[in-house]
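> Next input, structure requested:
(one chain, ligands or ions: 1)
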Amino acid sequence: MKHATLRQLKVFEAVARNLSFTRAAEELHLTQPTVSIQLKQLGDIVGLPLLEQIGKRIHLTDAGCELLVVCRNIFEGLSRFEMLVSDMKGVKSGKLRLAVITTAKYFIPRLLGPFCERYPGIDVSLKVTNRERILQRMADNEDDLYILGQPPENVDIRAEPFLENPLVVLAPRSHPLAGVKNIPLPRLAQEPFLMREPGSGTRLATERFFAEHGLSLKVRMELGSNEAIKQAVAGGLGVAVLSAHTMALERAGGELVFLDVEGFPIRRHWYVASPRDKQPSVVALAFLEFLRGEGKVMGERYLQDIPGFPTLSRRKKPGKR
Ligand code: PGA
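As a prediction, this is how the structure comes out:
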């Protein structure tokens with residue numbers, strides 16, 4: 001491998017990540033023949049095929065999978081070094097790759113404004129996806145930091161809670177239970193529910209909560225996004241358990257209300273996490289520090305500004321999770 005060039009590895013990484021020659025060529029501003037030549041040369045050096053084409057789809061061979069891990073480590077090491085050098089020169093610069101669960105898409109982008117203002121040299125990329133995919137990205141070492149609702153039990157990670165992520169029951173304003181105090185949980189379980197897709201952390205927490213109370217839910221419909229669920233609740237299709245953060249941009253007196261159900265809000269937190277054996281970069285450390293300071297203060301204010309939420313959270317005793 002001594003003869004492989006960084007350029008060849010870069011081309012290979014882009015093709016392997018996109019599983020497409022065209023997209024890799026676009027991303028690297030190269031022509032497709034150049035991409036093919038670079039890959040061919042790399043394949044010759046390795047002495048084994050790195051990719052195989054079945055029909056129209058490209059797959060990584062076993063050697064390709066191993067090489068992808070090596071490439072990621074090399075590029076990560078280089079970018080960490082670059083960040084370290086600029087830190088030594090007195091500026092924080094480099095790329096911060098964040099992956100956050102869907103409920104954090106309301107708050108984290110707000111935080112990025114002041115963060116980027118403080119550190120103009122830091123370039124942030126933000127991936128928003130559900131819990132299952134976040135865990136997959138973590139396993140593939142795709143990002144610097146991950147924000148999720150419940151740290152996985154079977155993966156060795158560093159995780160610290162930084163803000164509350166309470167789960168609440170949403171219903172349309174015209175719902176017969178709207179305004180009723182301390183609704184018994186079995187009564188709520190009789191309502192048709194709108195649920196997030198399998199793989200969602202919100203769904204997992206909701207199912208666990210009801211199961212712990214010996215109740216199962218009547219799921220009327222599964223929807224793949226918090227916003228779609230809110231619209232369906234407003235449309236009268238059922239009630240839903242979602243993070244209170246999903247209501248952050250709603251106005252007071254709008255179409256949706258929180259139901260006052262015993263055991264709710266379910267108390268959860270957001271965690272900022274990364275694999276334990278991954279050394280955090282200079283910019284990741286800067287973001288962590290920001291999150292612990294300004295992030296926390298902004299987040300608490302943010303929750304207090306959600307219409308109707310402060311009253312609900314004060315009135316109820318918390319549930320188990
Ligand atoms: P989800 O995660 O977007 O996968 O539902 C939210 C959470 O775990 O809090």
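> buried residues in stretch 283-293?
Residues Val283, Ala284, Leu285, Ala286, Phe287, Leu288, Phe290, Leu291 are the ones in stretch 283-293 that count as buried (16 or more other CB atoms under 10 Å). Where C-beta positions appear, they are placed from N, C-alpha and C, glycine not excepted.
> can you list the residues that contact that stretch?
Where contact means CB atoms under 8 Å, 6 or more residues apart in numbering, the residues beyond stretch 283-293 that reach it are 83, 92-96, 98, 111, 115, 118-119, 122, 144-145, 162, 272, 274, 280.
> any weak-confidence spans in the stretch 1-150 of the chain?
With pLDDT under 70 as the threshold, the stretch 1-150 of the chain has no low-confidence stretch at all.
> residue contacts, whichever residue of the stretch 51-200 of the chain sits closest to the ligand?
Ranking the residues of the stretch 51-200 of the chain by distance to the ligand (CB to the nearest ligand atom) places Gly149 first, at 2.4 Å. Applying CB under 8 Å, 6+ apart, one finds that Gly149 lies in contact with Ile101, Thr103, Arg131, Asn165, Gly201, Thr202, Ala205, Ser243, Arg268, His269, Trp270, Tyr271.
> cool, and Met195?
Applying CB under 8 Å, 6+ apart, the residues near Met195 are Arg203, Thr206, Leu217, Val219, Met221, Glu222, Leu223, Ile229, Ala240.
> and Arg97, how many neighbours?
20 (other CB atoms under 10 Å).
> surely it meets Glu142?
Yes: look at Arg97 against Glu142 with CB atoms under 8 Å: they come within range, at 7.1 Å.
> any common contacting residues for the two?
Overlap between the contact sets of Arg97 and Glu142, as judged by CB under 8 Å, 6+ apart, is given by Lys127.
> helix, strand or coil for the spatially most central residue of the chain?
Note on the chain: the residue nearest the mean C-alpha position is Val100, at 2.2 Å, using CA atoms, centre = their mean. Val100 falls in the strand class when you classify it by DSSP: H, G, I helix; E, B strand; the rest coil.
> ok, and the closest non-adjacent residue to it?
Nearest non-adjacent residue to Val100, counting by CB to CB, 6 or more residues apart in numbering: Ile147, 4.1 Å away.
> Show me what that neighbour is bridged to.
According to DSSP bridges, Val100, Val272 are recorded as the beta-bridge partners of Ile147.
> Number of residues surrounding it?
Around Ile147 sit 26 other residues, with neighbours defined as other CB under 10 Å.
> Pretty sure it sits against Thr102.
No: at 10.6 Å, Ile147 does not count as touching Thr102 under the criterion of CB under 8 Å.
> For Leu135, see how far away the residue in the stretch 201-321 of the chain positioned nearest to the ligand is.
Among the residues of the stretch 201-321 of the chain, Gly201 lies closest to the ligand, at 2.1 Å counting by CB to the nearest ligand atom. Using CB to CB, to the nearest Å, one obtains 10 Å as the distance from Gly201 to Leu135.
> for Ala159, same thing?
In this structure, Ala159 and Leu135 are separated by 12 Å, where distance is defined by CB to CB.
> What of Asp260?
33 Å.
> Count the neighbours of the closest residue to Pro265 other than its chain neighbours for me.
Spatial nearest neighbour of Pro265, chain neighbours left out: Pro166 (3.6 Å); criterion: CB to CB, 6+ apart. Using other CB under 10 Å, Pro166 has 21 neighbouring residues.
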